[in-house]
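Colleague: Show me the folded form of this:
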Amino acid sequence: MRRVVWTAFALALAALTIVSAWRVHRGSGRPAELPVYGRVPSFALVERSGRPLTADDLAGGIWVADFIFTRCGGMCPALTTTLAAFLRRLPPSSAERLRAVTFTVDPEHDDPATLRRYAEGFGADRARWLFVTGDRGDVERLVRDGFHLSIAELPPGEREHSPEPITHSDRFALVDPQRRIRGYYHGTDPDDVARLERDVALLSGSGT
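Modeller: This is a model prediction of the structure:
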């Protein structure tokens, strides 16, 4: 009888330990390891400075990608503002390893000079925050096939009257040093942006 009581007690204690650990893990919001959603393919585009930028230039570092266009009258300025604030909040340990890369989804209009003016309006650090344009087909393939995100242009009859003639995802994508996509985050959702901060810290600390 005593053995049965002690066995029941041990099982109850083990269950309590598991539940407590689950609650701590859940409350932290940090996974033990971030998932892998694919790998950013090779690309050759142009940065706002006019210099070529390839995927290999970003290898070895952590970066956050986002997608905007400078004529956007809707969410794009909000996304850029959010990303600027996110970069300012990063602790030194994460900031040293991370860059932001903003891709225009309107490359025919957003040449390097236009992107440069847009970036300067948000006080974007040239070293830590890249703004990228290029051939339209290359950009669309990168967004759709590389990042697996949506992009579409409204028909001509609707385009002139819409604040967003090009529809695209509001998501930020977190990329690790091996160019693997480790997370997606809605840039318009404060909770998702907070999760991005946690995941950047996780990657920066683990080195993987």
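
Colleague: Kindly state the beta-bridge partners for residue 152.
Modeller: In this structure, residue 152 has the following beta-bridge partners (DSSP bridges): residue 167.

Colleague: With residue 66 instead?
Modeller: Beta-bridge partners recorded for residue 66 (DSSP bridges): residue 102.

Colleague: before we move on, what about residue 44?
Modeller: Applying DSSP bridges to residue 44 yields these beta-bridge partners: residue 54.

Colleague: hang on, it packs against residue 134?
Modeller: Yes: using Cβ atoms under 8 Å, residue 44 is in contact with residue 134, at 7.4 Å. Heads up, the C-betas are built off the backbone N, CA and C, glycines and all.

Colleague: Neighbour count: those two, which is higher?
Modeller: Using other Cβ atoms under 10 Å, the more surrounded residue of residue 44 and residue 134 is residue 134, with 20 against 13.

Colleague: quick one: that one and residue 58, what's the gap?
Modeller: In this structure, residue 134 lies at 14 Å from residue 58, with Cβ to Cβ, to the nearest Å as the measure.

Colleague: Identify, among the helices and strands of this protein, the element with the weakest mean pLDDT.
Modeller: Taking mean pLDDT, DSSP states H and E as the measure, the helices and strands of the chain show their lowest mean at helix 2-28, namely a mean of 36.

Colleague: helix/strand/coil for the closest residue in space to residue 136 that isn't next to it in sequence?
Modeller: Leaving aside its chain neighbours, residue 136 sits nearest to residue 107 (5.1 Å; criterion: Cβ to Cβ, 6 or more residues apart in numbering). Going by DSSP: H, G, I helix; E, B strand; the rest coil, the secondary structure assigned to residue 107 is coil.
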